[in-house]
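> Sequence and predicted structure, then a few things I'm wondering about:
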Amino acid sequence: MNHDEAKNILLLYRHGTADADDPQIAGALALAQRDPELARWLEEHCARQFVLREKFRQIAAPAGLREQIISEHAAQKKMVFWRQKITLATVPALMLLTTLILFWFLRHGHDDTLAIYQNRMAGVALRGYAMDLTTDNPEQIHAYLAQNHAPADFVLPAALKQIALAGCAVESWQGARVSMICFRTGRPLAPGGQGDLWLFVVDRASVRGSPAGSSPQFSKVNRLITATWTQGDKLYLLGTEGDEQTIKQYL
Amino acid sequence: MADSLDFDSLVVRYYEPLYQFAFSLTRDEADACDLVQQAFCIWANKGHQLRDASKVKTWLFTTLHREFLVVRRKQTNFPHIDLEYAAEELPVVPPPSVNRLDTAQMLVALARLDEIYHAPVALFYLQDCSYNEIAAILDVPLGTVKSRLARGLARLHQLLTGTKREPPNQINL
């Protein structure tokens, strides 16, 4: 190693560090001990390096930086802690809410079933239908309904027996067959109309929330006034345009 | 293993050298604080992945440097001034007056270095870092670190004193 090579090596030497442990630096340092000119250069170099190092070390971190980092970390940890707690609390709350909604839906859904049935049947009567059998013969109507597996063993109220028959049709409700019997009261019919009084008969088990007794319950469904009652294992729904007094005369 | 390291103790031990490194890179107090905080924040989230607790310091410096490079890339309006054109604007400090240099002047000169010399020279003067640690932090081979240091230090010397010292072509320590 010559003088210049030693200088180049010692350029990276930092006094007071582990750099002196490097074999080449150690060799260059040894050469400097024997070479007065190199020793003088090394002394100046080290003094300059020391000054520059001190300049770097004079870079002071702003007051409060350390505390800020620590406090922000603590705050973040706390936030994560609460986020986990909230997540843990949210899951059972959501499950409870879902259960409540399901419970409410099942319960109230059952209550609404009769109303939905009434609406569906009123819709059939009002929005037009095709009469499967047009006849005023009750025997034929009973036979047709029985033949088509629709309720045929229904019992008509005494007043309704006096009303002229127009025919019948078979409708369906959630897989069950519904007998639709059409009457003509003698009032003027709507254009294209074949009847103005309709009786729907279905097994009461297929309509949840059916009234318990044989006393008719009156309710307005669309333009129809309806009377609903049960008798035996059948649910009866009678509907016509008018008011409660109108329909009562057929019961 | 790194899990056992207490966050607060790590901050107490390393926030100052990290800040010095960050400030030497950015020359802006707020940016340097952000970098230090970001490095510790990343440590808080990912530090548990480090298996060797003895490498925490290198890990923190590496993370800070990477974050600096990410931020730097995002700064599209960062003006790059070629050293050749900027040389005339630099303070020329004759050798006897190196002692009178203040830190700001030194950082200005450091900032004038080509980017590849900037971080190695800063880490070199921070002294806490060995050559191996500098190589690990910058993710470059040891030989490359020494080569860059030799050239970077010679260029810094030139910028500070106005005298030209030819850097060696190859340093093989």
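Good, I have the coordinates.
> what about the single nearest residue of the stretch 101-250 of chain A relative to chain B, neighbour count?
Using C-beta to the nearest C-beta, the closest approach of the stretch 101-250 of chain A to chain B is made by A:I101 at 37.7 Å. Every C-beta, even on glycine, is put in place using the N, C-alpha and C of the backbone. Other residues near A:I101 come to 10 when the count uses other C-beta atoms under 10 Å in any protein chain shown.
> Just list the residues touching it, thanks.
For A:I101, no contacting residues are found, by C-beta atoms under 8 Å, 6 or more residues apart in numbering or on different chains.
> which element follows the helix or strand encompassing it toward the C-terminus?
Here A:I101 is covered by helix A:65-126, with elements defined by DSSP states H and E. Following helix A:65-126 in sequence order, the next helix or strand is strand A:133-134 (DSSP H and E).
> pLDDT score for the residue nearest in space to the middle of chain B?
Taking C-alpha atoms, centre = their mean as the criterion, B:A119 is the residue nearest the geometric centre of chain B, at 3.1 Å. For B:A119, the model assigns a pLDDT of 91.
> same for the helix or strand it falls within, what does it pack against?
According to DSSP H and E, B:A119 maps onto helix B:115-126. When contacts are defined as 3 or more C-beta pairs under 8 Å, 6 or more residues apart in numbering or on different chains; DSSP states H and E, helix B:115-126 sits against helix A:36-57, helix B:7-26, helix B:103-111, helix B:131-138, helix B:142-161.
> What lies in contact with the first one?
This means helix A:36-57. Residues from elsewhere that reach helix A:36-57, judged by C-beta under 8 Å, 6+ apart: A:3, A:6-7, A:10-11, A:13-15, A:29, A:31-33, B:20, B:24, B:95, B:98-99, B:101-103, B:106, B:122, B:125-127, B:157.
> where does chain A dip in pLDDT?
Confidence mapping of chain A against pLDDT under 70 gives the ranges A:107-112.
> give me that answer again for 80
By pLDDT under 80, the low-scoring segments of chain A are A:1, A:104-112, A:128, A:190-192.
> Equivalent analysis for chain B, please.
For chain B, applying pLDDT under 80 flags the ranges B:1-5, B:51-53, B:74-102, B:127-128, B:161-173.
> Please give me every residue in contact with the residue positioned nearest the centre of chain A.
With distances taken as C-alpha atoms, centre = their mean, the residue of chain A nearest its centroid is A:T98 (9.2 Å). Listed by C-beta under 8 Å, 6+ apart, the contact set of A:T98 is empty.
> and chain B, what are its domains?
B:2-74, B:83-161 (automatic domain parsing).
> should've said chain A
If you go by automatic domain parsing, chain A breaks into A:3-57, A:115-248.
> Of those domains, which is nearest B:D114?
When these are compared by C-beta to C-beta, domain A:3-57 sits nearest B:D114, at 17.6 Å.
> Throw the domains of chain A into TSV and include mean neighbour count, thanks.
Shown next, in TSV, are the domains of chain A (neighbours: other C-beta atoms under 10 Å in any protein chain shown):
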stretch	mean neighbour count
domain A:3-57	16
domain A:115-248	17
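> Could you dump these into TSV and include distance to A:M79?
Supplementary listing: these in TSV, determined by distance: least, C-beta to C-beta, whole Å:
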stretch	distance to A:M79
domain A:3-57	36
domain A:115-248	49
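> if we compare these, which one ends up closest to B:D8?
So among the domains of chain A, domain A:3-57 is nearest, using C-beta to C-beta, at 23.2 Å.
> what's the span of the closest one, first residue to last?
This stretch, domain A:3-57, spans 32 Å end to end (C-alpha to C-alpha, to the nearest Å).
> quick one, what contacts A:F154?
Taking C-beta under 8 Å, 6+ apart as the contact definition, A:F154 lies against A:179, A:181, A:199, A:201, A:234, A:236.
> I figured B:L110 was touching B:L123, is that so?
No: under the contact definition of C-beta atoms under 8 Å, B:L110 does not touch B:L123, with a separation of 11.4 Å.
> Now A:Q33: closest residue in space, sequence neighbours ignored.
Closest residue to A:Q33 apart from its sequence neighbours, by C-beta to C-beta, 6 or more residues apart in numbering or on different chains: A:A39 at 6.7 Å.
> how near is that neighbour to A:I9?
Per C-beta to C-beta, to the nearest Å, A:A39 is found 14 Å from A:I9.
> so what's the nearest residue to A:P211 once chain neighbours are set aside bridging to?
Leaving aside its sequence neighbours, A:P211 sits nearest to A:Q217 (C-beta to C-beta, 6+ apart; 5.2 Å). With DSSP bridges applied, the residues forming beta bridges to A:Q217 are A:T228.
> A:W229 is in contact with A:Q217, correct?
Yes: the pair A:Q217 and A:W229 passes the contact test of C-beta under 8 Å, sitting 6.9 Å apart.
> where do the contact lists of the two overlap?
By the contact definition C-beta under 8 Å, 6+ apart, A:Q217 and A:W229 are jointly contacted by A:P211.
> Touching, the residue nearest to the centre of chain B and B:L138? I think so.
Yes: assessed by C-beta under 8 Å, B:A119 is found in contact with B:L138 at 5.9 Å.
> shared neighbours of those two, anything?
Common neighbours of B:A119 and B:L138 (C-beta under 8 Å, 6+ apart) are B:H65.
> before we move on, back to that, nearest to A:T87 among the helices and strands packed on helix B:115-126 would be which one?
Of all the helices and strands packed on helix B:115-126, helix B:7-26 comes closest under C-beta to C-beta, at 23.4 Å.
> Would you mark the buried spots in the closest one?
B:7, B:10-11, B:14-26 (16 or more other C-beta atoms under 10 Å in any protein chain shown).
> quick one: the following helix or strand past that helix near chain A?
Next along the chain after helix B:7-26, taking DSSP H and E as the criterion, comes helix B:29-46. Yes: using C-beta under 8 Å from any C-beta of the partner chain, helix B:29-46 reaches chain A at B:29, B:33, B:36-37, B:40-41, B:44.
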